[in-house]
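# Sequence plus the predicted model coming up.
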Amino acid sequence: MLRLRYADRAGAVSARDVEPLAYLGNPTHWYLVAWCRLRDGLRCFRTDRIVSVRPLAEPVTRELRPEELDIPAGRVRPLSLV
């Protein structure tokens, strides 16, 4: 679990406790896909708008199901860091 300070497109900063699930990217931006406790739903946070991050002790138990993402088939590719 993470506590984010996140700035919206107008620059207003809010605190969000989120369960990180995935990263998505396009040629312009990268996004953290996470379950937002404040909004009680799946959200995408632009990484360049994350003001600060603090890990919390609570473990992440949620898993992302591909059908939860409204992205056309073939547009999502797995990313490996190894």
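Cool, got the structure.
# Please name the residues that touch Trp35.
When contacts are counted by C-beta atoms under 8 Å, 6 or more residues apart in numbering, Trp35 is found next to 18-19, 21, 41-43, 62. Bear in mind the C-beta positions are built from the backbone N, C-alpha and C, glycine included.
# neighbouring contacts of stretch 7-18?
By C-beta under 8 Å, 6+ apart, the residues outside stretch 7-18 that reach it are 1-6, 32, 34-38, 43, 45, 49, 51, 56.
# Lowest pLDDT pick from the contacts of Trp35?
Checking pLDDT across the contacts of Trp35, the minimum falls on Arg62 at 86.
# Which secondary structure state does it sit in?
Three-state call for Arg62 (DSSP: H, G, I helix; E, B strand; the rest coil): coil.
# Show me where the chain has its helices.
Here the chain has no helices by DSSP state H.
# top strand in the protein by residue count?
strand 13-25 (DSSP state E).
# Tell me the strands beside it, with direction?
Paired with strand 13-25 in the same sheet, following DSSP bridges, are strand 2-7 (antiparallel), strand 30-36 (antiparallel).
# can you put those strands in TSV and add mean pLDDT and distance to Pro66?
Converted to TSV, the strands paired with strand 13-25 look like this (pLDDT from 0 to 100; distance: least, C-beta to C-beta, whole Å):
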stretch	mean pLDDT	distance to Pro66
strand 2-7	97	22
strand 30-36	93	11
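# Need these in TSV (columns: distance to Ser14).
As requested, the strands paired with strand 13-25 are exported to TSV (distance: least, C-beta to C-beta, whole Å):
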stretch	distance to Ser14
strand 2-7	6
strand 30-36	10
